[in-house]
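Student: Got a predicted structure plus its sequence, pasted below:
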Amino acid sequence: MTSAAPLILLIDDELSMRRFLRVALSAEHYRLIEAETVSQGLQEMAAHNPDLVLLDLGLPDGDGIDVTRNIREWSDRPIIVLSARGQDREKIAALDAGADDYLTKPFSTGELLARIRVALRRSEGRGGGETAVVDVGAVRIDRSARRVYRHGQDVHLTPTEYRLLTVLLQHAGKVLTHRFLLKEVWGPGRADQTHYLRVYMQQLREKLEEDPHRPRILITETGVGYRFQVASSE
C-alpha cells in the first residue's frame, strides 16, 4: 500500500447499502470505488487493484462466491463479504473460496470498520515476512524459538496445540473454517472430525486466555470456525 488513504472497492447492487457505506467510509478517510455487477466489479478490480474489496454475494449477473474465486486466481487483496445470507453454509462457502471475512447484514458501522482495519493490517504484513515474536495481551509467541509465554511464564504446549496456534497466527485476523484447520493440523483424513478441533481449542484457551470462557484471543465464529484476534476491535 502507498501512503495515500486505502482504496476500497465496493461491489453491491443495493443503492441504499452503497450510500450508507459511502458515508461511513469517507468519514474514516477511505477512498472508494463502487460497482453494481460482477462484470463491473471485476473490471474495476483489474483497473485499480484496490487495497480491499467489500463484496455482496447476491449480484444481478452472478454470484459473489464466483467473484471471490476469480479474484483469488490473481490477487491476494483482502475480501470481506457483506451479505444478507446468514446461513453457515454460505459463510463457509465464501471463506473456502478465498474471502478473508464475512459480515451478515445488517451490521454495525463499528464492527465493519474494525474488520477492515484488521484485514488491512494483515495485508500490509504479508510483504514484510513472518514476525518472529508476536505479543497479544499477556501472551508472547516466539516462533523462532518455538516457545510461548503468558505473563512472562513459559507455557507448555503439545506439538498439536502449537501447530494449531501457529496456523491461526499465520492467518491472524482471518476467519478459518473448521475444515481448513483440520486439514492443516491433522491432515485431509480428519477434515470432518470437528470434535478434535473443539477439544484442542479448549485446551489452548485454558493455557492462554485470561478467562477461557470469555476468550479475547482465540475467537469462535459460530458454526464456521475460529479467528486469532490480533488486537482489540475498539
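Tutor: In hand now; what should we look at?

Student: how about Asp96, what does it touch?
Tutor: Each residue near Asp96 by Cβ atoms under 8 Å, 6 or more residues apart in numbering is listed here: Thr177, Arg179, Phe180. For glycine as for every other residue, the C-beta is placed from the backbone atoms N, C-alpha and C.

Student: So which of these wins on neighbours?
Tutor: Thr177 (21 neighbours; other Cβ atoms under 10 Å).

Student: for the residue of the chain positioned farthest from its centre, which residues make a bridge with it?
Tutor: Farthest-out residue of the chain from its mean C-alpha position, per Cα atoms, centre = their mean: Gln153, at 29.5 Å. For Gln153, the beta-bridge partners under DSSP bridges are Arg150.

Student: how much space is there between it and Val224?
Tutor: Gln153 is 33 Å from Val224, where distance means Cβ to Cβ, to the nearest Å.

Student: mind listing what's buried in stretch 170-182?
Tutor: By 16 or more other Cβ atoms under 10 Å, the buried positions in stretch 170-182 come out as His171, Ala172, Gly173, Lys174, Val175, Leu176, Thr177, His178, Arg179, Phe180, Leu181, Leu182.

Student: end-to-end on it?
Tutor: 15 Å (Cα to Cα, to the nearest Å).

Student: what's the answer for stretch 5-17, then?
Tutor: End to end - Cα to Cα - stretch 5-17 spans 22 Å.

Student: Which secondary structure state is assigned to the spatially most central residue of the chain?
Tutor: The structure's the chain has its C-alpha centroid closest to Lys174; by Cα atoms, centre = their mean the separation is 2.2 Å. On the three-state scheme (DSSP: H, G, I helix; E, B strand; the rest coil), Lys174 is labelled coil.

Student: Let me see the mean pLDDT of stretch 63-82.
Tutor: If you average the pLDDT over stretch 63-82, you get 92.

Student: contacting residues around stretch 218-234?
Tutor: By Cβ under 8 Å, 6+ apart, stretch 218-234 touches 88, 91-92, 95, 102, 110-111, 114-115, 118, 121-122, 136, 168-169, 171-178, 180-181, 197, 201, 204-205, 208-209, 216-217.

Student: Give me the subset of the residues you listed lying in strands.
Tutor: Judged by DSSP state E, the subset of these located in strands is Tyr102, Val136, Leu176, Thr177.

Student: Now for the second one, how many residues are close by?
Tutor: Translated: Val136. Val136: 17 surrounding residues under other Cβ under 10 Å.
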